[in-house]
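A.B. asks: how does the following fold in three dimensions:
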Amino acid sequence: MPEGDTVWHTAAMLREHLAGQTLTRCDVRVPQFATVDLTGTMVDEVISRGKHLFIRAGRASIHSHLKMDGSWRVGNRPVRTDHRARIILEANDIRAVGIDLGVLEILDRDRDGEAVAHLGPDLLGPDWDPDLAAANLVASPDRPLAQALLDQRVMAGVGNVYCNELCFVSGHLPTAPVSAIADPRRLVSRARDMLWTNRFRWNRCTTGDTRAGRQLWVYGRAGRSCRRCGTRINVDDTADRVAYWCPSCQR
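C.D. replies: Predicted structure coming up:
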């Protein structure tokens, strides 16, 4: 599931292969932007902002958001493509393909920041500010904790995996009010630590144990024993986002 660390890693991968390269092919497969052709334009930079990704080339900025199922694939040609491809970029022998992107648009580079102006401080960005993130978090004290953590206006980058893991390490249920958090700054700092530690790998780990099947505390572990106390992990999949928790460790 793409979250802030996945997007950061994706941007780093695209930057390594495309930055400083001149595009030899630009095939945009979104009707609104199908006539845009950036062939002959140099890719200046690739950056991430929360879960958003920008490929800046000349006066244009290719803005994408992976949503639930999107991804970018990049490598030496040929990189396989099918009907799910939303954009194909090539620079000599390098091909980058955007697959199932939830958002894909071509923006004016000078104004692409407007697309992410609503976001809170980026957990992996130069604007990270734990005090501002903590203030944003507690601005609505009666709000359910999970809902607040998933709000990108609070801080940018937390998705459902990290949301569930952060609720566990804080010792609170996903439905607990934000006011139950005794030290909001510590919680947002923990969020940053989790994403920062995982920014260079695709299989994230929050437990400190990177062995297969041991990486996460509660997410995806419904019915299994809590790693801390042995109680069976509960799950609620009736809402838009699936929630996992330990009824003993989280109150």
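A.B. asks: how far does the helix or strand where residue 95 lies sit from its chain's centre?
C.D. replies: Under the assignment given by DSSP states H and E, the secondary-structure element containing residue 95 is strand 94-99. In terms of C-alpha atoms, centre = their mean, to the nearest Å, the centre of strand 94-99 is set 19 Å apart from its chain centre.
A.B. asks: again with stretch 206-221
C.D. replies: Using C-alpha atoms, centre = their mean, the distance between the centre of stretch 206-221 and that of its chain works out at 18 Å.
A.B. asks: then stretch 56-64?
C.D. replies: With C-alpha atoms, centre = their mean, you get 19 Å for stretch 56-64.
A.B. asks: show residues contacting that stretch.
C.D. replies: Among residues not part of stretch 56-64, those counted as contacts by C-beta atoms under 8 Å, 6 or more residues apart in numbering are 23, 36, 38, 41-47, 52-55, 70, 72, 86-87, 89, 98, 101, 103-110, 112, 115. For glycine as for every other residue, the C-beta is placed from the backbone atoms N, C-alpha and C.
A.B. asks: and with 6 Å instead?
C.D. replies: Taking contacts as C-beta atoms under 6 Å, 6 or more residues apart in numbering, the residues outside stretch 56-64 that touch it are 38, 41, 43-45, 53-55, 98, 101, 104-107, 109, 112, 115.
A.B. asks: sort out which of those residues are buried, if you could.
C.D. replies: In these, burial by neighbour count holds for 38, 43, 45, 53-55, 98, 101, 104-107, 109, 112, 115, counting by 16 or more other C-beta atoms under 10 Å.
A.B. asks: so of these, which ones are in strands?
C.D. replies: Assignment to strands by DSSP state E places the following of the buried ones among the contacts of stretch 56-64 there: 43, 45, 53, 54, 55, 98, 104, 105, 106, 107.
A.B. asks: pick the one among those closest to residue 145.
C.D. replies: Compare each of these with residue 145 using C-beta to C-beta and the shortest gap goes to residue 53, at 27.6 Å.
A.B. asks: what's opposite the residue lying closest to that closest one once chain neighbours are set aside in the beta bridge?
C.D. replies: Nearest residue to residue 53 in three dimensions, chain neighbours excluded: residue 64, at 5.0 Å (C-beta to C-beta, 6 or more residues apart in numbering). Taking DSSP bridges as the rule, residue 64 bridges to residue 53, residue 104.
A.B. asks: what's next to the helix or strand residue 191 falls within, contact-wise?
C.D. replies: Taking DSSP H and E as the criterion, the element that holds residue 191 is helix 184-198. Contacts made with helix 184-198 from outside it, assessed by C-beta under 6 Å, 6+ apart, are listed as 4-5, 123-124, 130, 133-134, 137-138, 157-158, 162, 166, 170, 181, 204, 206.
A.B. asks: need the next SSE after the helix or strand of the chain at the bottom of the mean pLDDT ranking, C-terminal direction.
C.D. replies: For the chain, the helix or strand with the lowest mean confidence is strand 71-76, at a mean of 93 (criterion: mean pLDDT, DSSP states H and E). Going down the chain from strand 71-76, the next helix or strand is strand 85-91, by DSSP H and E.
A.B. asks: and stretch 74-83, how far apart are its ends?
C.D. replies: From its first residue to its last, stretch 74-83 covers 17 Å (C-alpha to C-alpha, to the nearest Å).
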